[in-house]
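K.L.:
mind folding the following:
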Amino acid sequence: MSYAIIETGGKQLRVEPGRFYDIELLAVEPEQTVSIDQVLYIQHGDDIHVGQPLVSGATVEGTVMRHFRDRKVLVYKMQPKKKTRKKRGHRQERTRLMIDSINLNGEVLTSTAAPAEVSEEA
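P.N.:
This next block holds a predicted model:
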């Protein structure tokens with residue numbers, strides 16, 4: 001199993017190819033690809049690459065699926081005995097990102113496209 005730990009939107013995220021993740025809003029149109037070079041850690045089989053703080057030459061490729069707004073978070077402030085109340089709501093803008101591949105120094109370590117198996121019949 002191969003995975004990478006990336007940093008995006010001020011948060012660190014463990015990502016694997018073939019899965020989608022909801023991250024902070026990216027300024028990219030849907031169905032376009034994005035390359036994230038803030039890679040902190042890569043594990044590919046028994047190979048481990050730890051960055052100090054970033055892994056040099058490592059990128060994570062992904063496709064933007066859609067943009068949406070997250071669930072509403074209610075903020076309610078009240079001061080007792082003062083008749084002061086404030087109720088506010090907030091919805092964060094999010095981007096759904098499908099991870100396509102993990103690359104290291106131009107070489108694709110893992111990808112969603114599985115290689116075709118060749119079978120020989122005698």
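K.L.:
show me what contacts the most centrally placed residue in the chain?
P.N.:
Nearest to the geometric centre of the chain sits residue 21, at 5.1 Å (C-alpha atoms, centre = their mean). Applying C-beta atoms under 8 Å, 6 or more residues apart in numbering to residue 21 gives the contacts 13, 15, 96, 97, 99. The C-beta positions use only the backbone N, C-alpha and C, and glycine is treated the same way.
K.L.:
surely the fourth one meets residue 60?
P.N.:
Meaning residue 97. No. If you go by C-beta atoms under 8 Å, residue 97 and residue 60 don't touch, sitting 9.4 Å apart.
K.L.:
now do the strands in the chain.
P.N.:
All strands of the chain, identified by DSSP state E, fall at 2-8, 11-15, 20-24, 33-36, 39-44, 47-50, 58-69, 73-79, 84-90, 93-104, 107-111.
K.L.:
surely residue 22 meets residue 92?
P.N.:
No. Applying C-beta under 8 Å, one finds residue 22 not in contact with residue 92, separated by 9.8 Å.
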